[in-house]
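Asker: Here is the input, now give the coordinates:
(6 chains)
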4 protein chains.
Amino acid sequence: MDAHAKTARSRRELTKAQNRETILAAGRQVFAEMGFAAVTVRDIIRATPLASGTFYNYFKSKEDVYLALRDEVALTVRPRLRAARQGAETAEGFLFESFLAFFRFAAESSSEQPTGAVRFRMDSPEVVAGFGELREDIDTAVAQGLLPAMDTGFLTAALTGVAFELAEQVKGGAEPESASRFATAIFLGGLPALSRQPD
Amino acid sequence: MDAHAKTARSRRELTKAQNRETILAAGRQVFAEMGFAAVTVRDIIRATPLASGTFYNYFKSKEDVYLALRDEVALTVRPRLRAARQGAETAEGFLFESFLAFFRFAAESSSEQPTGAVRFRMDSPEVVAGFGELREDIDTAVAQGLLPAMDTGFLTAALTGVAFELAEQVKGGAEPESASRFATAIFLGGLPALSRQPD
Amino acid sequence: MDAHAKTARSRRELTKAQNRETILAAGRQVFAEMGFAAVTVRDIIRATPLASGTFYNYFKSKEDVYLALRDEVALTVRPRLRAARQGAETAEGFLFESFLAFFRFAAESSSEQPTGAVRFRMDSPEVVAGFGELREDIDTAVAQGLLPAMDTGFLTAALTGVAFELAEQVKGGAEPESASRFATAIFLGGLPALSRQPD
Amino acid sequence: MDAHAKTARSRRELTKAQNRETILAAGRQVFAEMGFAAVTVRDIIRATPLASGTFYNYFKSKEDVYLALRDEVALTVRPRLRAARQGAETAEGFLFESFLAFFRFAAESSSEQPTGAVRFRMDSPEVVAGFGELREDIDTAVAQGLLPAMDTGFLTAALTGVAFELAEQVKGGAEPESASRFATAIFLGGLPALSRQPD
DNA sequence: TATGAATGAGGCTTCATTCAT
DNA sequence: AATGAATGAAGCCTCATTCAT
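Answerer: Just a heads-up that it's a prediction; the model follows:
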């Protein structure tokens, strides 16, 4: 009986994890299809084989699902960004690898938004934190005299803005590599540096 | 009698224009207070002295109100950006005045977003078009050899990203002037240029 | 001024009659297109170049329009039925001409009903009254011994039922003449009489 | 445990069936009281102890309820008509029993219609199909030479018309038996046959 | 009389959530 | 834990009607 119960219990836990994942997948799908604002809990449930009551065993609301998805994104992106930076040896490599990791992720997770729908930014604190870590490293570089003193809040904002906007270009079909080269060139030398950039 | 009819007609049209403006103002308010996703048509109506049916004489949905607000924003921003550019004589002045116009507008229209709410971007095609015009001018500059050849799609994206993200900093209290200097420096010379920038 | 007023007044009266007719025509159209139950006053107004307030100068409700249309129908049908009967010299001619007049009218006023809509019967007291007059004449015939004594309520019902149902066949494409022959034969001799009826 | 589950399931399904029946009963009532056109979904719900949302678990609209009621009528009437015909051995019995079954049903389901309301016909394809089956049997009789050749579409229409109109008389208080005798006499011998019919 | 915007009641429907099974 | 029907609040929207012009 114990053995049986144990088997049953682990089967259940498996099911629990599966159900949670099922709901998250449904959320990803409907958020992409309809846009956050238009999605209802029922829409998420409908994209699922589960019963409506089951949803509430896992999430409290669509916002809750959304935040979980964002954390999931962050969980994927941040290690990649960190790895990219740690593998770099020059300022250029540092920026280039970071942008490249981010744009590759954007290309992977690209999905169609409904035309006319209001666009959302998947920029949770968690995702932005990836850039925050970049900032910390830049702070370090500034302290070491490798980079000039500057307003790091502004720099984070500028990096974030360029990263997210170029990510849209990448989602629209641009190459992650050329987008990364462009962004890196801008931050290393501004517009004049672009002339030295192969397209 | 003509005068009377005319007065009557204009009084009516005045009321209509006022009602439309009343609804737009209510929309501005509740979008700022609650965030787009959470707002309902009823919320907008409730922020109004009008009857519910009246709303539908002017707009079809909250999306409709939102788009009208965006167009209104565009109508305000674009002339300012254009004027800023036309008054500039150097590349630096060109960028600086454009950013400054945009950040000043951001500072004016700053309003509190609900913490935790999903952020929206007020970047309609119309607003972005302001940057599109900038792009045209840059294209001209490229043609004249003042600027290197580059991917203007990427450049527009980068300018847009920096402008919108720094605008958030400005809404959070940063100075439009210093944000403009920062953004200008980045695009003129990249990170190295920041050392030459007084904070 | 008098002359002018008079002209103005008659122009107005013309307009009044025209407006009423415009509304009735719109009612005919939308009742045929959508079915009575689905039609709203607004639908009728929308099928009109008139303003909504104007409707209420002529009718109180869609029911009011509907009744006016029925009266109009009755006004058309009854004289035709009466003329048909008065021109008949035998029982057979009497029935045949009556049915024929009715079916011809049905053929003329045939219009498509929306599939799936609940069907309505245009059998107002006024329309039925056309058959009531037939009944009176039959009563007379009974009194004169030309027809056997019977329940005239039942007979009116039977004639009405046959007339309206065969009218549907006629609206669906059947010939008024053959439908009239059929109905006449039934009432003169029942099923056996049909063998003597040329198709 | 199985038994428990089974009981649970059937208890649920019982409730579901009861709710559906509750709504249909409410529909029957309000359609009879107000006429189809005037009824709203809310009227049906109000005639029920159920919550408004519950209605939509069972039906999509008032039309949906109406069609279900018609099917229910058909389900009741058709077996009766079929049994009536199958028990008949002569043409007269055949017609008489069919009409009688129909009129008895009409008498049972008689209910007050609102005066002045537009009348509806409960003649769905399903109900008419009862007469269609009659037609098939008549076709057979025609093939066997028992009845003369004729337009069976017209005959179905005539039978339907007489049946539905006399049913109204029956709902108004006439005897099903005498109505059946009348209708049978008409179809067997036309008006002349009525003299042989005891009232 | 004609107009057409304003009104707010109220119909339609979906929603989030509960809870008995 | 899973189910899915029930709930009723509440959003959406149209409606009939009024009334100032």
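
Asker: can you pull out the helices in chain A?
Answerer: Taking DSSP state H as the criterion, chain A carries its helices at A:2-34, A:41-46, A:52-55, A:62-86, A:91-108, A:125-143, A:152-171, A:176-194.

Asker: Pull the distance from the last one to the chain's centre.
Answerer: On the basis of CA atoms, centre = their mean, to the nearest Å, helix A:176-194 is displaced by 21 Å from the centre of the chain it belongs to.

Asker: swap in the fourth one?
Answerer: On the basis of CA atoms, centre = their mean, helix A:62-86 is displaced by 5 Å from the centre of the chain it belongs to.

Asker: list the buried ones in stretch A:80-95?
Answerer: A:80-82, A:84-85, A:88, A:91, A:94-95 (16 or more other CB atoms under 10 Å in any protein chain shown). Yep, even glycine has a C-beta here, placed from its N, CA and C like the rest.

Asker: on that earlier part again, same list (the helices of chain A) but as a markdown table, adding distance to residue B:173.
Answerer: Converted to a markdown table, those look like this (distance: least, CB to CB, whole Å):
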| stretch | distance to residue B:173 |
| --- | --- |
| helix A:2-34 | 32 |
| helix A:41-46 | 37 |
| helix A:52-55 | 40 |
| helix A:62-86 | 26 |
| helix A:91-108 | 28 |
| helix A:125-143 | 18 |
| helix A:152-171 | 10 |
| helix A:176-194 | 25 |
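
Asker: residues touching the nearest residue to residue A:95 once chain neighbours are set aside, list them.
Answerer: Leaving aside its sequence neighbours, residue A:95 sits nearest to residue A:184 (CB to CB, 6 or more residues apart in numbering or on different chains; 4.5 Å). Under the criterion of CB atoms under 8 Å, 6 or more residues apart in numbering or on different chains, the neighbours of residue A:184 are A:92, A:95-96, A:99.

Asker: Pick out whichever of those sits closest to chain D.
Answerer: residue A:99 (50.7 Å; CB to the nearest CB).

Asker: so how far is residue B:163 from residue A:161?
Answerer: 7 Å (CB to CB, to the nearest Å).

Asker: Residue A:41 too?
Answerer: Plainly put, residue A:41 is 36 Å away from residue B:163 if you go by CB to CB.

Asker: Tell me which of those two has more neighbours.
Answerer: Neighbours were counted for residue A:41 and for residue B:163 using other CB atoms under 10 Å in any protein chain shown; residue B:163 has more, 27 against 18.

Asker: dump the residue contacts of the more buried one.
Answerer: A:161, B:99, B:102-103, B:131, B:183.

Asker: Among the residues you listed, find the lowest-pLDDT one for me.
Answerer: By pLDDT, residue B:131 ranks lowest within the contacts of residue B:163, coming in at 64.

Asker: okay, and the helix or strand of chain A with the least pLDDT?
Answerer: Within chain A, no helix or strand scores below helix A:125-143, which has a mean of 68 by mean pLDDT, DSSP states H and E.

Asker: ok so, going back, which stretch in the helices of chain A has the least confidence?
Answerer: helix A:125-143 (a mean of 68).

Asker: What residues does chain A have near DNA strand F?
Answerer: Neighbours of DNA strand F within chain A, by CB under 7 Å from any atom of the strand: A:12, A:15-16, A:19, A:49-54, A:57.

Asker: is it possible to export these to CSV including neighbour count and distance to residue D:153?
Answerer: Formatted as CSV, those follow (neighbours: other CB atoms under 10 Å in any protein chain shown; distance: CB to CB, whole Å):
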residue, neighbour count, distance to residue D:153
A:12, 10, 65
A:15, 11, 61
A:16, 12, 65
A:19, 17, 59
A:49, 10, 50
A:50, 17, 53
A:51, 9, 51
A:52, 12, 51
A:53, 8, 55
A:54, 14, 56
A:57, 12, 61
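
Asker: closest to chain D among these?
Answerer: Chain D lies nearest to residue A:52 out of the residues of chain A next to DNA strand F, by CB to the nearest CB, at 12.3 Å.

Asker: No further queries at this time; thank you.
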